[in-house]
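>>> Predicted model and sequence below, questions to follow.
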Amino acid sequence: MPDSTCANPVTSADQNAQHTMTDNDVDMTHPLYKSDEGYEEIMKWYHGLLEQIEVPFEQRFVDTRFGKTHMLVCGPEDGEPLVLVQAVAGSSPLWRNQLADFSKHFRVYALDTVGQPGLSDQNPPSYLNDDYTQWLCDVLDSLKIEKAHFAGVSAGGWQVMRMAIDAPDRVRKAVLLSPMGVCHAKLPVKIWLTKMVKKGKDVDGLQDDLTAKSVKSKSPGGSFGTFDRQLARAMALCTKHFRVDRSMGIYNPDTGKVNKLNALRVLRKFFLSEPKSVLRQLMTPTLVIFGQHEVLYNPYKVGPRLKKLAANVDVEVIEGAGHAVIYDRPNDANPMIIDFLRAP
C-alpha cells in the first residue's frame, strides 16, 4: 500500500464538518449511551479501574480527524512505542494487567477507541472503509511517532491487522489477540438469545451470567479456569447502558432503527474472514495469540491456515483460555508478547 494511506490529514475545521454528530441524535451530550445515568455508571467503573493500575501513568489527549483520543501513557520516554487497541465496548483500563509488564520495556500508549466507552470523543469510525487505519495514523502523527509496535484485542486485533496491511511503514511489529477477520467465525447466537441479554436483567446479574458462560468448557470438567470479572463487569455495563448499534455505525437516526443493510455489512466484517488476497498482504512480523477454548473458531485450524497465507506470522495457543485470552492468562500471554516484540 502506498504511503498516501496516512497522508494529508484533514484540518480541524474539516474534521468537524465531516464527523460531528448530527442534531438528529437523541442525546447530544452522551450520544452513545442510553441515558445520562448509564454514562455515569460506566464512568464510575472506568475511574475505579484506573485506581487498580499498579504502575505510574499519565493521561493524555491527542487530536485526530475523529476528535480527541484519550490514552494512558507509561514506561520509559525513550522506549520503543507500543500502542494498545481495545475491543468493541472495551477501554484502556482493561489493560491494567499488562501495563506494569509492558512498561518495563516499552513506552506504552493504551488507547480509548473513539466511539467506544472511555474518555475519547464519541464519534465512531466506520468498519466498512479505512477509517480505523486513518485514526491510528492520526494518533501516531499527533504523538510525533513515525513507527510503533501495535497490539489489539478481538475487533482491536482486526484494526491492528488492517493497520499493518494498509500502512506497513508505520508498524514495527503487530500482536493480534483473538482477532476478528482471520477466518470465518461462528455467530454466537446462543449467547445472544440467552437470558443474559433480557432487558430486565440488572448489571450484577448480567455480570454473573457473562462470567459463568465465559468459563464454560466443552471438556468433561465443565470449566477452563479463571475469567477477569472486571471484563465481565465492563461487558455487563455496556450491554445495559451503551449504544453498540451507534458505535458500530448501524443506527439510522432518521428512522430511529438499525439500518439492516449496514448491520449485515458490519457483521460480515466481524464474522467472515478477510479475503485471502488481503491476508497475503500482511508482511509485517506478526504474533497471533489464541485461547485454547476460543468460542468463535477452532484455533488449531485457523493458525496453520494463517501461517500458510502470511509468511511472517507466528501463532501461539494458550491453554486454559478462551476468546479473552489476554485477560484469562496474562501471566502466560504477557511474557510471550514481550519476547516477540523485543526479538531482533
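Looks like it came in fine. Everything numeric in this text was worked out from a predicted model, so none of it was measured. Numbers count the residues shown, from 1 in each chain.
>>> phi, psi of Gly67?
phi 110, psi -170 (degrees, to the nearest 10).
>>> Could I get the full set of strands for the protein?
Counting by DSSP state E, the segments of the chain that form strands are 58-64, 67-74, 80-85, 106-111, 148-153, 171-177, 251-252, 257-258, 286-291, 313-318.
>>> Who are the packing partners of the fifth one?
By that I understand strand 148-153. Identification of packing neighbours for strand 148-153 by 3 or more Cβ pairs under 8 Å, 6 or more residues apart in numbering; DSSP states H and E yields strand 80-85, helix 155-166, strand 171-177. In short, each C-beta sits where N, CA and C put it, glycine included.
>>> Contacts only, for the closest residue to Glu294 other than its chain neighbours.
In space, and not counting its chain neighbours, Glu294 is closest to His323: 5.5 Å by Cβ to Cβ, 6 or more residues apart in numbering. Neighbouring residues of His323 by Cβ atoms under 8 Å, 6 or more residues apart in numbering: Ser154, Ser178, Ser214, Gly291, Glu294, Val295, Leu296.
>>> The residue lying closest to Trp95 once chain neighbours are set aside: neighbour count?
Leaving out its chain neighbours, the residue that sits closest to Trp95 by Cβ to Cβ, 6+ apart is Ala110, at 4.7 Å. Residues lying near Ala110 (other Cβ atoms under 10 Å) number 27.
>>> before we move on, the earlier item: okay, the strands of the chain, which one's buried deepest?
Most buried of these, by mean neighbour count (mean count of other Cβ atoms under 10 Å): strand 148-153, with a mean of 27.
>>> angle of that one against strand 80-85?
30 degrees (axes from the mean of the first three to the mean of the last three Cα atoms, to 10 degrees).
>>> how far off strand 106-111 does strand 148-153 point, in degrees?
50 degrees.
>>> ok, strand 148-153: who's next to it in the sheet?
With DSSP bridges as the test, strand 148-153 is paired with strand 80-85 (parallel), strand 171-177 (parallel).
>>> which one of the contacts of His323 sits closest to Tyr46?
Ser154 (18.8 Å; Cβ to Cβ).
>>> which residue packs closest to that closest one, ignoring adjacent ones?
Ala87 is the one closest to Ser154 (Cβ to Cβ, 6+ apart), at 3.7 Å.
>>> just to revisit the earlier point, minimum distance to Tyr33: which of the helices and strands packed on strand 148-153 has it?
It is, among those and with distance given as Cβ to Cβ, helix 155-166, at 19.3 Å.
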